[in-house]
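S.K.: Build me a model:
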Amino acid sequence: MNAPFQSAPQAIALTPDGPTIPALGVGTWAWGDSLFWSYGKDYTEADLYEAFAAAIAAGANFFDTAEVYGLGESERLIGRFLQRTDQPVFLATKYFPLPWRWSAQAVSETLTASLARLQLACIDLYQVHWPLDFFLGQKDLMNALANEVKQGRIKAVGVSNYSAAQMQMAHDYLAEQGVPLAVNQVQYSLLHRQIETNGVLDKARQLNVNILAYSPLAQGLLTGKYTAANDQAPEGARKLNPRFSKSGLTKIALVLETLQAIAQAHDKTPAQVALNWLIAGGNVVPIPGAKNAQQARQNAGALGWAMSTTEYEQLSRVTQPWR
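M.R.: Just a heads-up that it's a prediction; the model follows:
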């Protein structure tokens, strides 16, 4: 189970000397992705800019993207949006270690391309998207990233989807270069709690590594929008996910009822409660998606309050089957 909490943090330092980001960010996988998320059909660039501006206004001014999101389009959109604001914004992107990227030079070139799309000279957080070795081993990869920190193009280094052992290895290689490992971005939600039992969360706390929680609302299952009673189907590829079927939604009925009860007690939404539960862990930053201003504002409502210890433990109990 998550460690008991006293009050939900509102900001987290990526590294001792690095950027401090809000305890909740925005994941931009859907930004520019027409294949999985129906970008251009269900929502537009204008919608995404409004989500960007609303998130910043609400204090959730940390955005996580990747070069593979929309094949670079997510980064290009953010690059354009950045030119339209004078407010502070923290950004993270990711390097995808594809098989033909077999040299440290490839890391540098990939970072250069991401910075160009983002229209930036440096990035607050640069992460390795998956722990794929192929021709470039982890030591060479971490050395290449540490070199970019020393060159001033990366402020903090992170990994994504790394196991506890892989995270330890990355941490150790970076430490040899005097660079801390800032984050491990993994799937984490009330309906996906495996990092509590597979060693990742414990190892992250031991190493002072923050967890960036992607899919913190289980792709919308925890918003309360989808229930067995209303049988509303999601858009895009999620239609094929059995968790959104009537039987799948029946299995999480108690979770949704518990979220709703706590939400009513605090004048919040089920999504805000689900995100607040993650934030309460202390070293966890959820990065829910937002495709419009309303979603961005709702997500940001997870900040600035805390549920009671009793409510926290109640949610932990009813989601035990998903550990």
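
S.K.: What spatial separation is found between Gln219 and Met169?
M.R.: 30 Å (Cβ to Cβ, to the nearest Å). Where C-beta positions appear, they are placed from N, C-alpha and C, glycine not excepted.

S.K.: again with Ile123
M.R.: 23 Å.

S.K.: List the residues that contact the closest residue in space to Ala218 that isn't next to it in sequence.
M.R.: Leaving aside its sequence neighbours, Ala218 sits nearest to Leu191 (Cβ to Cβ, 6 or more residues apart in numbering; 4.3 Å). The neighbours of Leu191, taking Cβ atoms under 8 Å, 6 or more residues apart in numbering as the test, are 218, 221-222, 243, 252, 255, 319, 322.

S.K.: Mind listing what's buried along the helix or strand bottoming out on mean pLDDT in the chain?
M.R.: Ranked by mean pLDDT, DSSP states H and E, the weakest helix or strand in the chain is helix 246-251, scoring a mean of 80. For helix 246-251, the neighbour count (16 or more other Cβ atoms under 10 Å) marks Leu249 as buried.

S.K.: Could you look up the next helix or strand downstream of it?
M.R.: Reading on from helix 246-251 to the C-terminus, the next helix or strand found by DSSP states H and E is helix 253-266.

S.K.: Report the inter-axis angle for the helix or strand that that next one is followed by versus helix 253-266.
M.R.: As assigned by DSSP H and E, the chain's next helix or strand after helix 253-266 is helix 270-279. Calculated by axes from the mean of the first three to the mean of the last three Cα atoms, to 10 degrees, helix 270-279 forms an angle of 90 degrees with helix 253-266.

S.K.: In helix 270-279, which residues are buried?
M.R.: For helix 270-279, by 16+ other Cβ under 10 Å, it's 270-279.

S.K.: which one among these gets closest to Pro131?
M.R.: Leu278 (22.7 Å; Cβ to Cβ).

S.K.: could you list every residue that touches the closest one?
M.R.: Leu278 makes contact with 188-190, 213, 216, 284, 286, according to Cβ under 8 Å, 6+ apart.

S.K.: Who wins on neighbours among the residues you listed?
M.R.: Pro216 (30 neighbours; other Cβ atoms under 10 Å).

S.K.: mind checking the SS state of that one?
M.R.: Three-state call for Pro216 (DSSP: H, G, I helix; E, B strand; the rest coil): coil.

S.K.: what does the model give it for pLDDT?
M.R.: Note on Pro216: pLDDT of 97.

S.K.: And the one 4 residues further on, by the same measure?
M.R.: Note on Gly220: pLDDT of 88.
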